[in-house]
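*Asks:* can you look at this prediction? I've put the sequence above it.
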Amino acid sequence: MPAEPLAAPAVPGSTGLDPAVSARLAHDAAGLVAAVIQQHDTHEVLMLGWMDDEALHRTLTTGRVTFWSRSRREYWRKGDTSGHVQLVRSVELDCDGDAVLVQVEQVGAACHTGARSCFDAGGPLPAVVGE
């Protein structure tokens, strides 16, 4: 049975995120920060998602990664429908506050295509390699 969608906070703008943490975030115009998801032991980059304060709060306090879906306009927790969960191992903020690095134990595929990594599914681009 599919999981119910994770509801938005009852009061827009209300969140359980520590205000001191929120103040360190450089939110974009939509109130989001990029969340880079990385396998904790191999450091393989698995995917990129988006979080607002509430998604980050849920990630920090539940042990599972929660994102804000820009297209569906709702919270989603990785693996609720696929079973391919992301178990939080650590969360770090980058130097200017516009991205978080979430290290996880990935269970199953990270990409909605079924690939281990969204970057495997997307594939390489031609680029000049610097020396």
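*Replies:* Structure received. Residues are numbered from 1 along each chain as shown.
*Asks:* all helices in this structure, in order from the N-terminus.
*Replies:* 19-24, 53-62, 118-122 (DSSP state H).
*Asks:* so which of those is nearest residue 130?
*Replies:* helix 118-122 (19.6 Å; Cβ to Cβ). Any C-beta I mention is one placed from the backbone N, CA and C, and that applies to glycine too.
*Asks:* elements contacting that closest one?
*Replies:* strand 45-51 (3 or more Cβ pairs under 8 Å, 6 or more residues apart in numbering; DSSP states H and E).
*Asks:* CA atoms only for the strand it packs on - export them in PDB, please.
*Replies:* Taking C-alpha atoms only, strand 45-51 is exported to PDB below (Å, rounded to 0.1, in the frame of the first residue of the first chain):
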ATOM      1  CA  VAL A  45      27.100  11.200  -5.200                       C
ATOM      2  CA  LEU A  46      23.600   9.700  -5.600                       C
ATOM      3  CA  MET A  47      21.200  12.500  -6.300                       C
ATOM      4  CA  LEU A  48      20.300  16.200  -5.700                       C
ATOM      5  CA  GLY A  49      17.000  17.200  -4.100                       C
ATOM      6  CA  TRP A  50      15.500  20.300  -2.600                       C
ATOM      7  CA  MET A  51      14.700  21.100   1.000                       C
END
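*Asks:* burial count for residue 112?
*Replies:* Applying other Cβ atoms under 10 Å, we find 13 residues neighbouring residue 112.
*Asks:* er, residue 124 actually
*Replies:* By other Cβ under 10 Å, neighbour count at residue 124 equals 7.
*Asks:* how near is it to residue 118?
*Replies:* 13 Å (Cβ to Cβ, to the nearest Å).
*Asks:* JSON lines for the helices of the chain, including mean pLDDT and mean neighbour count?
*Replies:* Compiled in JSON lines, the helices of the chain are given as follows (pLDDT from 0 to 100; neighbours: other Cβ atoms under 10 Å):
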{"stretch": "helix 19-24", "mean pLDDT": "93", "mean neighbour count": "11"}
{"stretch": "helix 53-62", "mean pLDDT": "96", "mean neighbour count": "20"}
{"stretch": "helix 118-122", "mean pLDDT": "89", "mean neighbour count": "15"}
